[in-house]
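Colleague: Just the structure for this:
(chains A and B)
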Amino acid sequence: EVQLVESGGGLVQPGGSLRLSCVVSELTFTTYEMNWVRQAPGKGLEWTSYIDGGSSYIYYADSVRGRFTISRDNAKNSVYLQMNSLRDDDTAVYYCATKVPGTNYFNQWGQGTLITVSS
Amino acid sequence: QSVLTQPPSVSGAPGQRVTISCTGTSSKSGPVYHVNWYQQVPGMAPKVLIYGDTNRPSGVPDRFSASRSGTSASLAITGLQAEDEADYYCQSFDSGHWVFGGGTKLTVL
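Modeller: Just a heads-up that it's a prediction; the model follows:
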C-alpha cells in the first residue's frame, strides 16, 4: 500500500513562510500526479495545487496563486509546498494526495500536517 | 468554474438508506468531468469511496453506491451502520481546478 507522509507544519506568524514536504513510498512515484488539499478547522476540503509527474504542468487555486509554489523531486519521491505571505485564513491541515493520470480523483492521501498562522 | 452544493447534514437510523446529493456539477458537450465521493471520519484523512461517478475502489462495501445525471450526482448508503457516521464530500474537476462540495455530515441515530 502506498504511504504518504507529510511534514513541515507548525505555527507561523502572518506574512511568514513555511515549506511542507510529502514523501511517497512508491517506486513508480513519477507516474503519480501530486496535489495539496487543505482543510481549515471545522471546514470542508479545498484543493490548492497540482503538479504532474514531470513538473511540466502546475495549477493553483485562486486563493493561493502567487503565494504558494508546488514542486517535486522525483529522485527523493517527494513533493513540496512552499508557502509565502501566509495569512490567518491559510490555517488548516494540509494533505498531500496522489492522482492517477487520466483520472480526476485523489486516490491516496497522507495523514496531514497542521499549519497555524497566528501572531 | 463549477460549484458543488451538498446538504450540510443528513441522518438515518441503523439499517436505513440515506442519500446525499451533489448539485451543480459541470455538464459540457466536450469532456465529461466525473464526480467522485470521499468519506472522512473525524480526525482522519479523507478516503475515496466512489470514483468516476459510480465506481467503488476495492475494499469499499457495496452498501455504498452513486449515480450521476447531468448536473447532479448522488451518493446512497444502504444498511446504515454506526461506523458510517462521518463527513462525505463530492468532488469534480473544471477549468484546471479540482473542486469539492461543502461536505455533508452523516449522523447515525
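
Colleague: Specify the local secondary structure of residue A:38.
Modeller: strand (DSSP: H, G, I helix; E, B strand; the rest coil).

Colleague: What is the burial count for it?
Modeller: The number of residues packed near residue A:38 is 22, by other CB atoms under 10 Å in any protein chain shown. Heads up, the C-betas are built off the backbone N, CA and C, glycines and all.

Colleague: What is the neighbour count of residue A:102?
Modeller: Quick note: residue A:102 (other CB under 10 Å) scores 6 neighbours.

Colleague: what's the spacing between it and residue B:94?
Modeller: 17 Å (CB to CB, to the nearest Å).

Colleague: Get me the contact residues on chain B for chain A.
Modeller: By CB under 8 Å from any CB of the partner chain, the part of chain B that sits against chain A consists of B:33-34, B:36, B:38, B:40, B:45-48, B:51-52, B:57, B:87, B:89, B:91-93, B:96-103.

Colleague: Now for residue A:100, how many residues are close by?
Modeller: For residue A:100, the count of nearby residues is 14 (other CB under 10 Å).

Colleague: hang on, isn't residue B:15 packed against residue B:84?
Modeller: No - in this structure, residue B:15 is not within contact of residue B:84 by CB atoms under 8 Å, at 11.1 Å.

Colleague: So for those two, which sits in the more crowded spot?
Modeller: residue B:84 (20 against 10).

Colleague: pretty sure that one contacts residue B:104?
Modeller: No - using CB under 8 Å, residue B:84 is not in contact with residue B:104; the gap is 11.9 Å.

Colleague: so how many other residues sit close to the closest residue to residue B:13 other than its chain neighbours?
Modeller: Closest residue to residue B:13 apart from its sequence neighbours, by CB to CB, 6 or more residues apart in numbering or on different chains: residue B:109 at 4.8 Å. By the criterion of other CB under 10 Å, residue B:109 has 10 neighbours.

Colleague: any idea how far residue B:109 is from chain A?
Modeller: Per CB to the nearest CB, to the nearest Å, residue B:109 is found 22 Å from chain A.

Colleague: In contact with that residue, which residues?
Modeller: Contacts for residue B:109 (CB atoms under 8 Å, 6 or more residues apart in numbering or on different chains) come out as B:11-14.

Colleague: ok, now residue A:40?
Modeller: Counted by CB under 8 Å, 6+ apart, residue A:40 has contacts A:46, A:89, A:91-92.

Colleague: Can you flag which of the residues you listed belong to strands?
Modeller: A:46, A:92 (DSSP state E).

Colleague: Quick one, grab the pLDDT at the closest residue in space to residue A:73 that isn't next to it in sequence.
Modeller: For residue A:73, ignoring the flanking residues on the chain, the nearest one in space by CB to CB, 6+ apart is residue A:80 at 7.5 Å. For residue A:80, the pLDDT comes out at 98.
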